[in-house]
Every structure is written in structure tokens, then in C-alpha cells.
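model this:
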Amino acid sequence: KEVVADLADMLGLPDVTLGHLTGGGTVANLEALWVARELHPDRALAVSADAHYTHGRMSEVLNLDVVRLPTDAKGRMTLDGLADALQAHDIGTVVLTAGTTGLGSVDPIDEALPLCRTHDARVHVDAAYGGFFRLLSGEAGADISDFPAARFEAIADCDSVAIDPHKHGLQPYGCGCILFRDPAVGRFYQHDSPYTYFTSDDLHLGEISLECSRAGAAAGAL
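Sure, this is the predicted structure:
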């Protein structure tokens, strides 16, 4: 719980953020897409052509319709392409990438967010690869030429974020994390168990993860 709170604070998310560690970034993104489907079962998912392949793969697992969005010469989602797609399709959630694994490109999260809100579309940020660079968006990154600080800062206003401490968090165990701005999405995870979860009336970590309980080594290392 402590490391999840630290990650949420690093990304500028509110104190009430719901989150947990996962086996890796792929499962973190899977859970985000699963919640997206549960919230909007009849609406499509939009991802850029340069988004990680996990989104296409997990969309097939979840039977989600996917709208592919164009990117520019540097691998970033184009705002014109996003606007056209939001106009032409019923999109429930848009996936924006904070650091593609191929080029390290950061989608224009700060500009895409209000556009998505206008069309009542949620925003999930795949920050598995680049999320920890949010630490440079303050004074630490002031002297870094062309650092997209505003894009990283805009993560704070998005609906969900996947981040992978095993990458630039330098964590030595396989470890991802999924964070949800609205803790009410915990209702999709909740389940009964005849043999555990009796120690508290609050949601147990095993009740808010598709992987159920997780070993403590990853949290301890992080």
C-alpha cells in the first residue's frame, strides 16, 4: 500500500487513488483495459499505431473493438487523427503512451486530454516504460532540452495509469502497477472468498487485482 501511494504521489494522482502492484506492465495494462470494458462495454478502445503491442493482444482477450490512430514521424499520436476518430467512432477509452519502447516518444497527453473529455472518453496512460521520467518535470528537468514536462504533468488528470517499476524504477523483480483515479472501480474486482479477507471491512489487496494475492518481494524491493 505504501509503494502504491508513493507511485500515485510521484505521478500527481489524488490521495484516494486505487492501485496495486502486478506481475508486470502487461498485466497492469490488461487491468486498465478490463475496467475500460466494464465501464463502457459497447464502446471502442482507441490506441495509436505506435502503442505497445500488448494493447492489441489484450483487446483480443477482452473482445474489445480497437480503433488505430495515426502517429507523426516521431511516433507520437496526432491530435488531428484523434479528433477524427472521436468524431467518427463511439470511443469509450483512449490509450496515450508516455514513452514508447521503440522511440521513447511521449504522446501529447496535455492536449489530447481535453479533446477526449469533450467526447466523454476516458484516458488511460501507458507509462510502463517512461512513467518514472515524471520526476524530471519539475526543476530537475529545467535544463533538459525539449523535455515534454507538460505531457508528464498531465498524467495527474487521467483516469488510469500503468507504470512498470521493473524498468526505469530499477526494481530487480518483475513488477508493474496499475493506478485508477476513481476508487469506485474497485467494485468490478470485488469478490467473495470462503477462506480469507476477514481481517478488515476495506477492500483487501487480493480483492482488487485480477492476479489475486501477490508475493511481497516486489513491493519490498521497490
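
dead centre of the protein: give me the residue that sits there.
Note on the chain: the residue nearest the mean C-alpha position is Val161, at 2.4 Å, using C-alpha atoms, centre = their mean.

now the biggest helix by length in the chain: buried residues?
Taking DSSP state H as the criterion, the chain has its longest helix at helix 25-39. Using 16 or more other C-beta atoms under 10 Å as the test for burial, helix 25-39 gives 25-37. In short, each C-beta sits where N, CA and C put it, glycine included.

assess the claim that His168 and Gly130 are in contact.
Yes: using C-beta atoms under 8 Å, His168 is in contact with Gly130, at 7.1 Å.

mind checking which of these two has more residues around it?
Legend: neighbour count by other C-beta atoms under 10 Å for His168 and Gly130, higher for Gly130 (24 against 17).

any idea how far Trp34 is from that one?
Gly130 sits 23 Å away from Trp34, going by C-beta to C-beta, to the nearest Å.

repeat for Ala128
In terms of C-beta to C-beta, Ala128 sits 16 Å off from Trp34.

one more: Ala184?
According to C-beta to C-beta, Ala184 stands 15 Å off from Trp34.

returning to that earlier point: and the helix or strand following the longest helix of the chain, what does it pack onto?
Where DSSP states H and E defines the elements, the next helix or strand beyond helix 25-39 is strand 44-48. Applying 3 or more C-beta pairs under 8 Å, 6 or more residues apart in numbering; DSSP states H and E, one finds that strand 44-48 contacts helix 54-62, strand 66-69, helix 79-88, strand 91-97.

those: which one's closest to Gln190?
For Gln190, the closest of these is helix 54-62, at 18.9 Å, according to C-beta to C-beta.

contacts for that closest one, please.
The contact list for helix 54-62 (C-beta atoms under 8 Å, 6 or more residues apart in numbering) reads 25-26, 29-30, 33-34, 37, 45, 47, 65-66, 95, 126.

circling back to that earlier point, save the buried residues of helix 25-39 as CSV, and put in distance to Ser59 too.
What follows is the buried residues of helix 25-39, written out as CSV (distance: C-beta to C-beta, whole Å):
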residue, distance to Ser59
Gly25, 16
Thr26, 13
Val27, 15
Ala28, 15
Asn29, 10
Leu30, 10
Glu31, 13
Ala32, 11
Leu33, 6
Trp34, 10
Val35, 13
Ala36, 10
Arg37, 9
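
strands of this structure, start to end?
For the chain, applying DSSP state E gives strands covering 18-22, 44-48, 66-69, 91-97, 122-127, 160-163, 176-180.

now those as CSV including mean pLDDT and distance to Leu205?
Listed next are the strands of the chain as CSV, based on pLDDT from 0 to 100; distance: least, C-beta to C-beta, whole Å:
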stretch, mean pLDDT, distance to Leu205
strand 18-22, 93, 6
strand 44-48, 97, 27
strand 66-69, 97, 30
strand 91-97, 98, 24
strand 122-127, 98, 21
strand 160-163, 98, 17
strand 176-180, 96, 12
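
which one of those is the most hemmed in?
Most buried of the strands of the chain, by mean neighbour count (mean count of other C-beta atoms under 10 Å): strand 160-163, with a mean of 30.

name the helices or strands packed onto that strand?
Here strand 160-163 touches helix 25-39, strand 122-127, strand 176-180, going by 3+ C-beta pairs under 8 Å, 6+ apart.
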